[in-house]
Each structure stands twice: as structure tokens, then as C-alpha cells.
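Asks: Here you go, sequence then predicted model.
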Amino acid sequence: FLPFMLKYWVRLDHLLFYAYAAYTLSVYLGFPLWKKIGERKDKKHVLAVGFAAAGTVYALSFFMFQPGDVVLLFAWAILVGMCGAAGILFPFSMIADIADEDELETGHRSEGVFYGAFSFIQKCSLALGTIVSSLALSLAGFEAGVEPSAGTLLVFRLVYVIPAVSFLFASVLIYRGYPLTRERAAAVKQALNERAGSAA
């Protein structure tokens, strides 16, 4: 939805590539920071903080996206990238912990199943987001090549902000129930190493 926002509301669509570049660079710069935090705290707590921060930034985008304001656009891209780094980094390492616990319980390694399920859910989410965005554009009366009305622009902004904020903060609540703490994950790894040692 970002290209529509930049073209019709912010009026800086010629900076789309640079905004994505700033976002991508800040994601990579955010990895070491989140990794360091994740070494001291439970992954679920760090991920929840990352999602809450990202949700806050998306909520602020309703106000930060201002027509012609380049500084706010790039500030937003950098903030979203820094927050988004947690959402990219931790789920994959958490899946590895889940695969370890599953192996301890079942005796079989099923990483492929867990990563495959994760990838499938991501693709379904992208498809659903595309459908919702298309429906929102249609219901708002958007027509390609026609200057959108103030009402259509308001729908753009609401559809861009509300679903992202809702799902990000919902994920914070969901991760509170994630049972694998750092201590539990370490104990599982130790038990697997001991099992492998006794088998050898």
C-alpha cells in the first residue's frame, strides 16, 4: 500500500526506491542491536517489544506521512526498519527452538515442517493483505489515473494504519503465551546433546 500512500497522499512517489533503501539499511543496522538484547532477555519478550514499537510507528505514520515532507518520510522508514528487524530476526531462531523441543519429545527432527508452515502462513498473509488492499481501494472509489478525493485519501491512510497496528499489537498479546523461555530452550539443547552423547 506504500506506493499509493507516497503517490497520492505524501506526493513523493519519486522517492519510493530511496525510502525502501533507507528501510532496508536500517533493518540490517537493527540486527546487531536486537541480537544483543535477545542474548539477555527471552526472545518472546524482545519480539513483543519489537512488535509494539513497530505498531507505535505505524500508528504515528497517520501523522508522520505529510504531503511533501521528506524528513518525516525517511524518519518513518528508518524507524520501521529498526523495529522490523526484530520481527525478521527472532521468529526464525524461535522456530529452531521449537524444532529442538519437538525433537526431544518425538525423537524426530522436523525443522522443515515448521519452517514450511511459517513460510506458508507468511504467503497467505501477503495474499490476504493484497486482497484487503484491493477491496479497500475499490470501496473507496479509487480509479487509476483519476485524482482521488479527500474521502478516498482518508481510506488510504486508515487502511494503511489500522490493520498493521491491530495485528502488531495482537501479536504482542499472543507472544505472552509463548512457553519456550531462554532457560527452557537451553535445557532442551542440553538434553539433546546428552542424548546424542549417550547414543554415540
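Replies: Noted; the coordinates are in hand.
Asks: residue boundaries of the helices in this protein?
Replies: Read by DSSP state H, the chain holds these helices, from start to end of the chain: 2-4, 16-38, 43-64, 70-106, 111-139, 150-175, 182-199.
Asks: Out of those, the one nearest Val10 is which?
Replies: helix 70-106 (6.2 Å; C-beta to C-beta). C-betas here are computed from N, CA, C, even on glycine.
Asks: which parts of the closest one are buried?
Replies: Buried residues in helix 70-106, defined by neighbour count with 16 or more other C-beta atoms under 10 Å: 72-74, 76-87, 89-90, 94, 97-103.
Asks: Give me the angle between it and helix 182-199.
Replies: Computed by axes from the mean of the first three to the mean of the last three C-alpha atoms, to 10 degrees, the angle separating helix 70-106 from helix 182-199 equals 40 degrees.
Asks: give me the low-pLDDT residue ranges for this structure?
Replies: Scanning the chain for pLDDT under 70 picks out the ranges 199-200.
Asks: so can I have JSON lines of the helices of the chain showing distance to Val10?
Replies: Below are the helices of the chain laid out as JSON lines (distance: least, C-beta to C-beta, whole Å):
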{"stretch": "helix 2-4", "distance to Val10": "9"}
{"stretch": "helix 16-38", "distance to Val10": "9"}
{"stretch": "helix 43-64", "distance to Val10": "10"}
{"stretch": "helix 70-106", "distance to Val10": "6"}
{"stretch": "helix 111-139", "distance to Val10": "17"}
{"stretch": "helix 150-175", "distance to Val10": "10"}
{"stretch": "helix 182-199", "distance to Val10": "41"}
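Asks: any idea which of these is most buried?
Replies: Comparing the helices of the chain by mean neighbour count (mean count of other C-beta atoms under 10 Å), helix 43-64 ranks first with a mean of 20.
Asks: What are the contacting residues of it?
Replies: Here helix 43-64 makes contact (C-beta atoms under 8 Å, 6 or more residues apart in numbering) with 34, 37-38, 72-73, 75-76, 79-80, 82-87, 90-91, 93-94, 97, 157-158, 160-161, 164-165, 168-169, 171-172, 175-176, 178, 180-182.
Asks: at 7 Å instead, please
Replies: Contacts of helix 43-64 with the rest of the structure, by C-beta atoms under 7 Å, 6 or more residues apart in numbering, involve 34, 37-38, 72, 75-76, 79-80, 83-84, 86-87, 90, 93-94, 157, 161, 164-165, 168-169, 171-172, 175-176, 178.
Asks: cool, and stretch 13-30?
Replies: Residues from elsewhere that reach stretch 13-30, judged by C-beta under 7 Å, 6+ apart: 3, 6-7, 70, 73-74, 77-78, 80-82, 84-85, 88.
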